[in-house]
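Asks: sequence and predicted structure below; questions after.
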Amino acid sequence: MSDPTAEQGVPAKPWWRYGLVWLVFAGPAVVVVASFVSFFIAARGSDKLVEEDYYRKGVEINQRLAERNLLPAMQGRNHAATPATPAVRQH
């Protein structure tokens, strides 16, 4: 099998003249550049620690929310356990 372009005397185009080659190379190249940009943004603008004792404060917030969620049940329980005020007797 011989190359049909060589038989006709037409020289083959160099690889960079084909658009599909650039399409194949462009995808990974863009991803590599984007990863470097993401790295530099992350390294330069690192987040600061908001609170030194953030874990303890988070636990306290969760406890307050749990207490708030149980409030209707606690009120119902306390209402059922508390005797009604006796009526005032008139003599």
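Replies: Nice, thanks for sending it over.
Asks: element containing residue 30?
Replies: Using DSSP states H and E, residue 30 sits within helix 19-44.
Asks: from residue 39, how far off is residue 9?
Replies: 51 Å (C-beta to C-beta, to the nearest Å). The C-beta positions use only the backbone N, C-alpha and C, and glycine is treated the same way.
Asks: what do you get for residue 75?
Replies: 54 Å.
Asks: then residue 72?
Replies: 50 Å.
Asks: also residue 73?
Replies: According to C-beta to C-beta, residue 73 and residue 39 sit 51 Å apart.
Asks: before we move on, what about residue 62?
Replies: For residue 62, the distance to residue 39 - C-beta to C-beta - is 34 Å.
Asks: pLDDT score assigned to residue 65?
Replies: In this prediction, residue 65 carries a pLDDT score of 82.
Asks: count of neighbours near it?
Replies: Neighbour count for residue 65, taken as other C-beta atoms under 10 Å: 10.
Asks: same check on the one 10 residues further on?
Replies: The local packing count at residue 75 equals 10, with neighbours defined by other C-beta under 10 Å.
Asks: against residue 67, how distant is it?
Replies: 12 Å.
Asks: next one: residue 50
Replies: In terms of C-beta to C-beta, residue 50 sits 24 Å off from residue 67.
Asks: same question, residue 58
Replies: Distance check for residue 58 against residue 67: by C-beta to C-beta, it reads 15 Å.
Asks: same question, residue 33
Replies: Residue 33 is 51 Å from residue 67, by C-beta to C-beta.
Asks: got it, and residue 43?
Replies: The value you get for residue 43 to residue 67, if C-beta to C-beta is used, is 42 Å.
Asks: cool, residue 12 as well?
Replies: For residue 12, the distance to residue 67 - C-beta to C-beta - is 79 Å.
Asks: residue 77 too?
Replies: On the measure of C-beta to C-beta, residue 77 and residue 67 end up 14 Å apart.
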